[in-house]
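K.L.:
no FASTA, just this:
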């Protein structure tokens, strides 16, 4: 990767390697990472934003995953 302008880097079009953070333009890098993670595995993005724990509730004596609508209730 070579610098093309101050703080911007040629990213290429790799789908197996995330963008490299070089210490500048954090907001630009954040957007690239956001897109990379969501495209690779949307469930992984859910873990990044909400954590690995999936809340469960008991319905008729069985544990059931809580839907996202029910998190705030």
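P.N.:
Structure's in. What do you need? In this text, all values refer to a predicted model and were calculated from it rather than measured experimentally.
K.L.:
can you list the residue ranges for helices in this protein?
P.N.:
With DSSP state H as the criterion, the chain has helices at 26-40, 42-50.
K.L.:
give me the angle between the shortest one and helix 26-40.
P.N.:
Between the axis of helix 42-50 and that of helix 26-40 there is an angle of 140 degrees, by axes from the mean of the first three to the mean of the last three CA atoms, to 10 degrees.
K.L.:
going by neighbour count, list what's buried in helix 42-50.
P.N.:
For helix 42-50, the neighbour count (16 or more other CB atoms under 10 Å) marks residue 45 as buried. In short, each C-beta sits where N, CA and C put it, glycine included.
K.L.:
how about low-confidence regions in this protein?
P.N.:
1-15, 71-73 (pLDDT under 70).
K.L.:
closest to residue 62 out of the helices of the chain?
P.N.:
Of all the helices of the chain, it is helix 42-50 that lies closest to residue 62, at 22.5 Å by CB to CB.
K.L.:
doesn't residue 29 make contact with residue 19?
P.N.:
Yes - using CB atoms under 8 Å, residue 19 is in contact with residue 29, at 5.8 Å.
K.L.:
using JSON lines, lay out the helices of the chain together with distance to residue 63.
P.N.:
Below are these laid out as JSON lines (distance: least, CB to CB, whole Å):
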{"stretch": "helix 26-40", "distance to residue 63": "28"}
{"stretch": "helix 42-50", "distance to residue 63": "18"}
